[in-house]
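Engineer: Fold the following, please.
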Amino acid sequence: MALGLEKGRDEGIKQGLEKGLEKGHVEGARAAARRALLQVLSRRFGELGEDTVRRIEKIEDPGELERLVGEAAVAASLETFLDLLA
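Structural biologist: Below you'll find the model as predicted:
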């Protein structure tokens with residue numbers, strides 16, 4: 001009986017570690033994409049207002065943030081870019 005409990009505990013720990021690593025990877029990708037987006041916007045359009053930064057910080061999907069980096073690179077103006085966030 002003790003071996004079964006130990007095996008179950010070990011499997012639970014392994015699954016927990018895997019989920020934690022996956023979550024860390026997603027959070028890291030999100031943070032990197034967000035930094036890249038803010039950098040592109042500030043280089044192209046100057047200092048960003050707090051409202052703009054807050055709107056970008058609310059975006060959770062790393063894929064969406066990466067897409068927006070591309071949009072920021074070609075947007076005619078900050079206002080045009082911000083219309084994409086609506």
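Engineer: wait, Leu78 sits on Leu41?
Structural biologist: Yes: look at Leu78 against Leu41 with Cβ atoms under 8 Å: they come within range, at 6.8 Å. Where you see a C-beta, it was placed from the backbone N, CA and C, and this is true even at glycine.
Engineer: so where's the protein shaky on pLDDT?
Structural biologist: Where the chain drops to pLDDT under 70, the residues are 1-3, 5, 7-10, 12-14, 16-23.
Engineer: Now the spatially most central residue of it: closest residue in space, sequence neighbours ignored.
Structural biologist: Compute the mean C-alpha point of the chain, and by Cα atoms, centre = their mean the closest residue is Arg30, 1.6 Å away. Spatially, and ignoring its direct neighbours in sequence, Arg30 is nearest to Pro62 (4.6 Å; Cβ to Cβ, 6 or more residues apart in numbering).
Engineer: next structured bit after the helix or strand Gly70 falls within?
Structural biologist: Per DSSP states H and E, Gly70 falls inside helix 62-74. Under the assignment DSSP H and E, the closest C-terminal helix or strand after helix 62-74 is helix 78-83.
Engineer: Report the buried residues of that next one.
Structural biologist: Within helix 78-83, the residues that count as buried by 16 or more other Cβ atoms under 10 Å are Leu78, Phe81, Leu82.
Engineer: quick one: buried residues of the helix holding Gly70?
Structural biologist: Pro62, Leu65, Glu66, Leu68, Val69, Ala72.
Engineer: do stretch 30-49 as well
Structural biologist: Arg30, Ala33, Arg34, Leu37, Leu38, Val40, Leu41, Phe45.
Engineer: Having no further points to raise, I will conclude here.
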